[in-house]
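Asker: need coordinates for the below:
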Amino acid sequence: MKSKEITIFRTYYSDAVNGELFIGEEFQCYTIELPWLNNQPSRSCIPEGKYVLTKRWSPKHKWHLQVMNVPNRSLILIHPANNAKKELKGCIAPVTSLTGIGTGSASRIAFEKLIAKIFSAMKTQTVFLTIKTKQP
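Answerer: Numbers count the residues shown, from 1 in each chain. Sure, this is the predicted structure:
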């Protein structure tokens with residue numbers, strides 16, 4: 001089975017993490033996450049690495065993405081949010097534009113565009129998410 005590669009290039013700050021999300025070589029959107037706090041559940045972003053993405057449905061987020069096999073963590077999701085500190089518990093939120101450290105705007109728009117592409121790819125291939133530090 002073929003695979004699709006999604007990469008988030010992170011920039012770390014003490015209060016939060018901002019990222020740039022690419023599908024292959026093509027920029028898709030920005031991301032916001034909680035700061036790195038040694039992978040503490042509900043308080044930290046997840047460790048850098050390579051993860052499988054799956055489709056998931058919940059009453060709260062409807063259809064969204066789940067990041068699988070995160071060490072010592074469960075239910076790490078990709079869902080809309082515009083403020084990492086107020087709306088995330090370790091998950092990743094796509095945003096259309098960054099408005100500050102850990103904040104963005106038009107998250108639902110970025111999210112809808114992203115899942116349309118990823119869900120389509122999931123019909124025929126495994127989708128991987130790689131998270132790494134953005135190099136200057």
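
Asker: avg pLDDT for stretch 82-89?
Answerer: What stretch 82-89 shows for mean pLDDT is 97.

Asker: just give me the longest helix of the protein.
Answerer: The longest helix of the chain (DSSP state H) is helix 107-122.

Asker: buried stuff in that helix?
Answerer: For helix 107-122, a neighbour-count test (16 or more other CB atoms under 10 Å) marks Ser107, Ala110, Phe111, Leu114, Ile115, Ile118, Ala121, Met122 as buried. C-betas here are computed from N, CA, C, even on glycine.

Asker: tell me the pLDDT at the residue lying closest to Leu75 once chain neighbours are set aside?
Answerer: Counting by CB to CB, 6 or more residues apart in numbering, Gln66 is the residue found nearest to Leu75 once chain neighbours are left out, at 7.0 Å. Reading off the confidence values, Gln66 has pLDDT 98.

Asker: check which helix or strand Gln66 maps to.
Answerer: Taking DSSP states H and E as the criterion, Gln66 maps to strand 62-67.

Asker: lowest average confidence, helix or strand, in the protein?
Answerer: Ranked by mean pLDDT, DSSP states H and E, the weakest helix or strand in the chain is strand 2-12, scoring a mean of 93.

Asker: what helices and strands are in contact with that one?
Answerer: strand 17-23, helix 107-122, strand 125-133 (3 or more CB pairs under 8 Å, 6 or more residues apart in numbering; DSSP states H and E).

Asker: kindly recompute the last result at 10 Å.
Answerer: strand 17-23, strand 26-33, strand 49-58, helix 107-122, strand 125-133 (3 or more CB pairs under 10 Å, 6 or more residues apart in numbering; DSSP states H and E).

Asker: which strands and helices lie in contact with the fourth one?
Answerer: Meaning helix 107-122. strand 2-12, strand 17-23, strand 26-33, strand 49-58, strand 62-67, strand 76-78, strand 93-95, strand 125-133.

Asker: same thing with the third one?
Answerer: For strand 49-58, the contact count by 3+ CB pairs under 10 Å, 6+ apart identifies strand 2-12, strand 62-67, strand 76-78, helix 107-122, strand 125-133 as packing neighbours.

Asker: and the residue nearest the centre of the chain, how far from Lys50?
Answerer: In the chain, the C-alpha nearest the mean C-alpha coordinate belongs to Ile92, at 3.4 Å (CA atoms, centre = their mean). Per CB to CB, to the nearest Å, Ile92 is found 14 Å from Lys50.
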